[in-house]
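Chemist: When you get a sec, could you give me coordinates for this:
(one chain, ligands or ions: 2)
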Amino acid sequence: MRTVEEHAVVIAGLLIPTPTEMLPLADAVGLVLTDDLIATIDLPPFANSAMDGYAVMAKDVRQLPVTLPVSQDIPAGRTDTGPLAPGTAARIMTGAPMPPGADTIVQVERTDGGVSAVRIDSAPGPGVHLRTRGEDVLTGAVVLAAGTVIGPPQIGVAAALGFAELPVRRPLRVLVLSTGTELVEPGKPLGPGQIYESNAPMLAAGITAIGANATVEHFVADDVDQLRQALYRAAEHVDLIVTSGGVSAGAYEVVKDALTGRGIEFAKVAMQPGMPQGAGRYAVAGDRSVPIVTLPGNPVSSYVSFEVFLRPAIRAAMGHPDITRPIVRVPLTTSIDSPAGKRQFRRGHLDTVAGTVAPWGGPGSHLLSWLAGADCMIVIAEDDTHLEAGAEVEVWLLG
Ligand code: AMP
Ligand code: MG
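Modeler: Ligands and ions are numbered 1, 2, ... in the order given. Take a look at the predicted model:
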């Protein structure tokens, strides 16, 4: 039997880093920047007002109250602003360029709001409500370092600096292919002996959630030729194929039957759920091959295998600095039994106030609704067969 770590190394070794691509901002969310982003303009690009009010010279508002003629009106976006005449005020809006010569912004609330002349009752010091040029970013500064994960604020600053595209590690393209003659597509009528296909949508969602690109091939019947044809069709367009089902010890194990001797190693991994696993480079034709990971068919096994092996490997290939889920160690609320010699991954519910974790449902690998109700996985080491309430366990936060 393989250890979890041994199998994880095999899977990680199948994937190479995805290449850099220039992607539009909207497509870069969740991806990793491959080059430093260097500002080519100052931010703000010009000195402007932080308030609606009046731009004046400090010397003209030393004696208060004072009434000044309004010499110009400057809304945001005005580009022909002239210098401020001494002894006058310019009515100015938030984001509008400061007229040269003005050094003080008096908010409209401190005035009578006049249009041709304004009475100023009080005034802040010079520079208070003024945004200076380059105060946020100076031209030439590294605004986002290579390796940054692009989220909404990073999109915001890139857009503010005028970038429409970003160089990022492109999404890994993954085909999810589930097998099983008993499977029926959700939305269609269910016949006797049939169940709805849930692994492909679940795995595809897990893949999409980490910024990779998932396509789903409608489940393939337990037929070796049909499976090989599906793999052949897909191999050209994807970086990785993930199958579910057909790898355990029974008869009609279509994935095992179709892939044995074609570059895939099937192994038992010392874990529960998820013991039957397979991985390798599938020889498509000639010297062409594509990485394949074959997951077990039981829905919870399939998902746990994704969390343990695929999610970190895909994140690593896409350049993510942190590839694992956040991990905490907290005490159990109740006792847990676990098989000897296997690492058990149980569904859990974390009480963030009490700082404890409760097992959520039993260990059965068909208990999908309990997986859906869980917010974490509890990891029980190979050597632990029984843990009492209060024992500290490793917990992976699913989010
Ligand atoms: P297998 O690994 O193909 O022997 O499947 C193990 C168990 O998981 C069987 O009960 C299957 O019906 C079920 N199963 C396999 N694939 C799926 C799937 N894509 N969606 C839901 N259940 C599945
Ligand atoms: Mg099957």
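
Chemist: Please name the residues that touch the residue in the stretch 201-350 of the chain positioned nearest to ligand 1.
Modeler: Nearest residue of the stretch 201-350 of the chain to ligand 1: Gly297, at 2.6 Å (Cβ to the nearest ligand atom). The C-beta positions use only the backbone N, C-alpha and C, and glycine is treated the same way. Each residue near Gly297 by Cβ atoms under 8 Å, 6 or more residues apart in numbering is listed here: 178-180, 199, 244-248.

Chemist: Tabulate those residues (TSV), appending pLDDT and distance to ligand 2.
Modeler: Shown next, in TSV, are these (pLDDT from 0 to 100; distance: Cβ to the ion, whole Å):
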residue	pLDDT	distance to ligand 2
Ser178	93	9
Thr179	93	6
Gly180	92	4
Asn199	97	10
Ser244	96	8
Gly245	95	4
Gly246	93	5
Val247	93	9
Ser248	87	8
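
Chemist: and Ala358, that one's in a helix?
Modeler: No. Counting by DSSP: H, G, I helix; E, B strand; the rest coil, Ala358 is not part of a helix but strand.

Chemist: what residues are up against it?
Modeler: Per Cβ under 8 Å, 6+ apart, neighbours of Ala358: 332-334, 348-349, 351.

Chemist: count of neighbours near Ile41?
Modeler: Here the number of neighbours of Ile41 (other Cβ atoms under 10 Å) works out to 13.

Chemist: Would you agree it is in contact with Phe163?
Modeler: No. Counting by Cβ atoms under 8 Å, Ile41 stays clear of Phe163, with 10.3 Å between them.

Chemist: Intersect the contacts of Gly297 with the contacts of ligand 1.
Modeler: Residues of the contacts of Gly297 in contact with ligand 1 (Cβ under 6 Å from any ligand atom): 178, 180, 199, 244-248.

Chemist: what about whichever residue of the stretch 1-150 of the chain sits closest to ligand 2, which helix or strand?
Modeler: Per Cβ to the ion, His7 is where the stretch 1-150 of the chain lies closest to ligand 2, at 20.6 Å. Element membership of His7, judged by DSSP states H and E, is helix 4-12.

Chemist: which of the residues in the very next helix or strand once past that helix are buried?
Modeler: Using DSSP H and E, the helix or strand that directly follows helix 4-12 along the chain is strand 20-24. Residues of strand 20-24 classed as buried: 21, 23 (neighbour count, 16 or more other Cβ atoms under 10 Å).

Chemist: Give me the contacts around strand 20-24.
Modeler: Under Cβ under 8 Å, 6+ apart, the answer for strand 20-24 is 31, 34-35, 164-170.

Chemist: list the buried ones in the helix holding His7?
Modeler: Within helix 4-12, the residues scored as buried using 16+ other Cβ under 10 Å are 4, 7-8, 10-12.

Chemist: go on, stretch 58-75?
Modeler: For stretch 58-75, by 16+ other Cβ under 10 Å, it's 60-61, 66, 68, 71-72, 74.

Chemist: Now do that stretch: distance from first to last residue.
Modeler: Chord length of stretch 58-75, first to last residue, is 21 Å (Cα to Cα, to the nearest Å).

Chemist: Check stretch 388-399 too.
Modeler: With Cα to Cα as the measure, stretch 388-399 spans 27 Å from end to end.

Chemist: ok now that stretch, how far from the chain's centre?
Modeler: Its chain's average C-alpha position is 24 Å from that of stretch 388-399, according to Cα atoms, centre = their mean, to the nearest Å.

Chemist: near ligand 2, which residues of the stretch 251-399 of the chain show up?
Modeler: Gly297 (Cβ under 5 Å from the ion).

Chemist: Show me the strands in the stretch 251-399 of the chain, by range?
Modeler: Assigned strands in the stretch 251-399 of the chain, in chain order: 264-268, 271-272, 276-285, 288-295, 327-331, 336-337, 343-351, 356-359, 376-380, 386-387, 392-397 (criterion: DSSP state E, counting those that start in this stretch).

Chemist: Redo those as JSON lines? Include distance to ligand 1 and mean pLDDT.
Modeler: Formatted as JSON lines, the strands of the stretch 251-399 of the chain follow (distance: least, Cβ to the nearest ligand atom, whole Å; pLDDT from 0 to 100):
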{"stretch": "strand 264-268", "distance to ligand 1": "12", "mean pLDDT": "95"}
{"stretch": "strand 271-272", "distance to ligand 1": "14", "mean pLDDT": "98"}
{"stretch": "strand 276-285", "distance to ligand 1": "7", "mean pLDDT": "92"}
{"stretch": "strand 288-295", "distance to ligand 1": "9", "mean pLDDT": "94"}
{"stretch": "strand 327-331", "distance to ligand 1": "28", "mean pLDDT": "98"}
{"stretch": "strand 336-337", "distance to ligand 1": "23", "mean pLDDT": "97"}
{"stretch": "strand 343-351", "distance to ligand 1": "17", "mean pLDDT": "98"}
{"stretch": "strand 356-359", "distance to ligand 1": "22", "mean pLDDT": "98"}
{"stretch": "strand 376-380", "distance to ligand 1": "19", "mean pLDDT": "98"}
{"stretch": "strand 386-387", "distance to ligand 1": "28", "mean pLDDT": "98"}
{"stretch": "strand 392-397", "distance to ligand 1": "23", "mean pLDDT": "98"}
